[in-house]
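1. have a look at this fold, sequence not included:
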């Protein structure tokens with residue numbers, strides 16, 4: 001069942017898009033990631049232009065994250081205070097990111113930049129998470145208790161604030177900076193930034209894993225919503241037909257994912273996520289290195 005996407009200017013199978021949306025929704029519910037870091041490259045693979053994939057995917061993340069957050073609110077695993085601090089940073093970052101995106105689009109370099117960003121980020125983060133998770137699994141087998149976060153330089157910074165749900169008393173500067181960097185990535189790469197935010201919240205801020213997922217999703221909803229709006233009004237690259245199909249799949253998937261996530265151990269979750277990140281990174285790197293089947297593609301002028 002082929003369906004024509006007006007903004008992307010390609011025809012794709014509608015069931016394929018629903019399936020992709022569902023798959024990424026499941027991941028979103030399990031890991032607390034918006035799923036954009038997997039969905040956007042998957043959209044590249046089925047022939048959606050990168051500029052359209054980035055802007056439209058931000059749209060889909062809003063829905064799957066919203067669906068996931070509702071499940072977390074029921075369990076009271078969302079730190080609203082921390083989420084709000086991250087959110088302030090995220091909105092500033094998203095505005096900066098869209099400016100950079102527009103500038104590169106005017107130069108016609110946006111497609112290459114988006115793919116390169118993906119390869120670098122996915123490679124680094126996937127590698128680090130994989131090593132860390134292996135270490136954690138080994139420690140559990142040996143019967144060592146996971147080490148509690150020691151006081152590090154972050155605890156010495158000014159502007160401290162108490163985050164009761166996370167059981168933290170730290171400076172607001174690191175969460176704001178994490179938020180800004182995630183906002184920039186949301187705009188340039190069409191990701192919710194969960195795959196960077198979740199490790200940063202666990203390892204940098206020392207938040208408990210249970211609270212991290214819900215809080216991350218809470219912040220992602222607003223940042224990606226804001227990003228979608230900016231892309232729609234400045235670049236006109238949001239494809240509504242594509243977004244709706246991904247949304248339907250994503251919302252159903254997120255509910256299933258949240259149920260699976262509860263049953264798995266934290267170390268198992270992290271190692272699964274790491275393997276998935278590395279697989280997508282490998283495929284993207286290959287696509288950049290290998291010679292394409294068609295050396296020239298025809299498109300409208302202006303970076304499409």
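-> Cool, got the structure. Worth saying up front: this structure is predicted, and the values here are computed from it rather than measured.
2. quickly find the element holding the nearest residue to residue 89 once chain neighbours are set aside.
-> Of all residues not flanking residue 89 in the chain, residue 179 sits nearest, at 2.3 Å (C-beta to C-beta, 6 or more residues apart in numbering). All C-beta spots, glycine's among them, are computed from the backbone N, C-alpha and C. Per DSSP states H and E: residue 179 is located in helix 173-189.
3. ok, and what's touching the helix or strand just after that helix?
-> Counting by DSSP H and E, the next helix or strand C-terminal to helix 173-189 is helix 194-199. Applying C-beta atoms under 8 Å, 6 or more residues apart in numbering, the contact partners of helix 194-199 are 28, 31-35, 37, 86, 121-122, 125, 128-129, 178, 181-182, 185, 212-213, 216-217, 219-220, 273, 277.
4. which of those residues fall in helices?
-> Residues of the contacts of helix 194-199 located in helices (DSSP state H): 28, 31, 37, 86, 121-122, 125, 128-129, 178, 181-182, 185, 212-213, 216-217, 219-220, 273, 277.
5. of those residues, buried ones?
-> Neighbour-count burial (16 or more other C-beta atoms under 10 Å) applied to the ones in helices among the contacts of helix 194-199 gives 28, 31, 37, 86, 121-122, 125, 129, 178, 181-182, 185, 212-213, 216-217, 219-220, 273, 277.
6. output the below-cut-off pLDDT ranges for this structure.
-> Scanning the chain for pLDDT under 70 picks out the ranges 32-34, 144-156, 190-192, 266, 291-304.
7. ok, which stretches of it are strands?
-> Along the chain, the stretches classed as strands by DSSP state E are 2-5, 10-13, 160-163, 168-171.
8. from the ones you listed, which stretch is densest packed?
-> Highest mean neighbour count of the strands of the chain: strand 168-171, a mean of 18 (counted as mean count of other C-beta atoms under 10 Å).
9. ok, that strand: who's next to it in the sheet?
-> The pairing partners recorded for strand 168-171 under DSSP bridges are strand 160-163 (antiparallel).
10. what are the contacting residues of the partner strand?
-> With C-beta under 8 Å, 6+ apart, strand 160-163 has contacts from 79, 81, 82, 85, 168, 169, 170, 171, 172.
11. before we move on, what about stretch 62-78?
-> The contact list for stretch 62-78 (C-beta under 8 Å, 6+ apart) reads 21, 24-25, 28-29, 32, 34-35, 165, 192, 210-211, 213-215, 217-218, 220-221, 224-225, 228, 247, 250-251, 253-255, 257-258.
12. if we can go back for a sec, can you list the buried residues in the helix holding residue 179?
-> 174-176, 178-189.
13. for the strands of the chain, give me TSV that also has distance to residue 288.
-> Formatted as TSV, the strands of the chain follow (distance: least, C-beta to C-beta, whole Å):
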stretch	distance to residue 288
strand 2-5	24
strand 10-13	20
strand 160-163	41
strand 168-171	39
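14. and residue 133, which of those strands is closest to it?
-> Nearest of those to residue 133, taken as C-beta to C-beta: strand 168-171 at 22.9 Å.
15. distance from the closest one to the middle of the chain?
-> Put simply, strand 168-171 sits 25 Å off its chain's centre (C-alpha atoms, centre = their mean, to the nearest Å).
16. now residue 18: how far from residue 75?
-> Using C-beta to C-beta, to the nearest Å, one obtains 28 Å as the distance from residue 18 to residue 75.
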